[in-house]
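Participant: fold the following, please.
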Amino acid sequence: MKEIIIAFALILGMFFNAQNKRFVYEYRFVSDSTKKDVSITESIYLDVSKKGSKFYSRDKYISDSLIEAQSKHQNGDFSKINFGMVPYVVQKSYPDYKILFFNRLDMDEYKVSDDRKMEWNILPEKEKVGEFNAQKATTDFAGRKWTAWFVADIPIQDGPYKFHGLPGLIVKLEDQTNSHSYVLKEIINLKDREWKSQEENHRFGALVPLNQEKYKKQFLDYRINPTKGIRQMLSSGTKIMMTDEKGNKLDVEDMIRQRERKVKEDNAKDNNLLELDLLK
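Facilitator: Just a heads-up that it's a prediction; the model follows:
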């Protein structure tokens, strides 16, 4: 096993040739299973270096940068920022491919370690994906059946989201219902861009580490009680003041009730998660 890891590291180093890579995927998904004809499309980055990879939304990257810039100038108006529909970040370390999933629920941001293994069935079928000749593979993951198309000419055993472990980059991925799919659209060289772990990012509170099982419990609890965190803050004596865009004070309890109602309505429509087994 040690020899395999060393060989992989050498191949990876030759491929990068001192440059990090950005693989840009088009992610198309259906969030509401009762409206299968309505899909959402978002551009997602897979940034790859010798140390590992990060998978995140382009809109999230832009919105995070704008928020950080406005915060430095004490400008708290985020109403015109497009936050996108993919809030999480997936990070994989090389060469062991340990997965960390970063996501915010209510008042906390979680760092979730996911040790689930992917068992791939590699098939002889080939398909042209963009300019690449790709090979087919299938797996079951997170309550869905998936078909992947990978390219051995790109010696990176990585791909969209948490998917990895094939002998080449995954350039296309879709579930059996065709309600979640990724297609590689562009490859960009990232000159002089140092890869940083998501853990190094500036944040206002500490990350909460969880394993996948405990995160699932937290996720289900948030779906049921989406304002639990802020209510706990109020019950502990923390003073919270809310204002409108003109600076007028708002009734905190009323705003919390409105937020709870809105989040529950949104959650009811967001019933076709990529990780479908989170709802079971």
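Participant: how about the helices of the stretch 51-200 of the chain, start to end?
Facilitator: 58-72 (DSSP state H, counting those that start in this stretch).
Participant: what sits against Asp266?
Facilitator: Contact partners of Asp266, counting by CB atoms under 8 Å, 6 or more residues apart in numbering, are absent. No exception for glycine: its C-beta is placed from N, CA and C like everyone else's.
Participant: all further residue positions should be reported with the first residue as 100.
Facilitator: Sounds good: first residue 100 from here, last item Asp365.
Participant: is it in a helix, a strand, or coil?
Facilitator: helix (DSSP: H, G, I helix; E, B strand; the rest coil).
Participant: mind checking how far it is from Ser278?
Facilitator: Distance, Asp365 to Ser278, using CB to CB, to the nearest Å: 18 Å.
Participant: try Phe122
Facilitator: Remark: distance between Phe122 and Ser278 (CB to CB) = 22 Å.
Participant: who's in contact with stretch 214-222?
Facilitator: With CB under 8 Å, 6+ apart as the criterion, stretch 214-222 contacts 197-198, 234-241, 247, 262-266, 310-311.
Participant: repeat that with 10 Å
Facilitator: Here stretch 214-222 makes contact (CB atoms under 10 Å, 6 or more residues apart in numbering) with 196-198, 234-241, 245-247, 249, 258, 261-266, 310-311.
Participant: quick revisit: more crowded one of Phe122 and Ser278?
Facilitator: Taking neighbours as other CB atoms under 10 Å, Phe122 and Ser278 compare with Phe122 leading, 25 against 19.
Participant: show me what the nearest residue in space to Gly229 that is not next to it in sequence is bridged to.
Facilitator: Spatial nearest neighbour of Gly229, chain neighbours left out: Leu283 (6.4 Å); criterion: CB to CB, 6 or more residues apart in numbering. For Leu283, the beta-bridge partners under DSSP bridges are Tyr124.
Participant: so what's the residue count around Leu283?
Facilitator: Using other CB under 10 Å, Leu283 has 25 other residues around it.
Participant: which residues touch it?
Facilitator: 122-125, 145, 228-231, 233, 248, 250, 253, 258-259, 268-272.
Participant: go again using 8 Å as the cut-off
Facilitator: Here Leu283 is in contact with Phe122, Val123, Tyr124, Val228, Gly229, Phe231, Leu268, Val270, Lys271 (CB under 8 Å, 6+ apart).
Participant: and what of Leu268?
Facilitator: Phe122, Phe249, Val250, Ile253, Ile255, Gln256, Asp257, Gly258, Leu283.
Participant: next up, the contacts around the second one.
Facilitator: Applying CB under 8 Å, 6+ apart, one finds that Phe249 lies in contact with Ala233, Gln234, Ala236, Gly258, Leu265, Pro266, Gly267, Leu268, Ile269, Val270.
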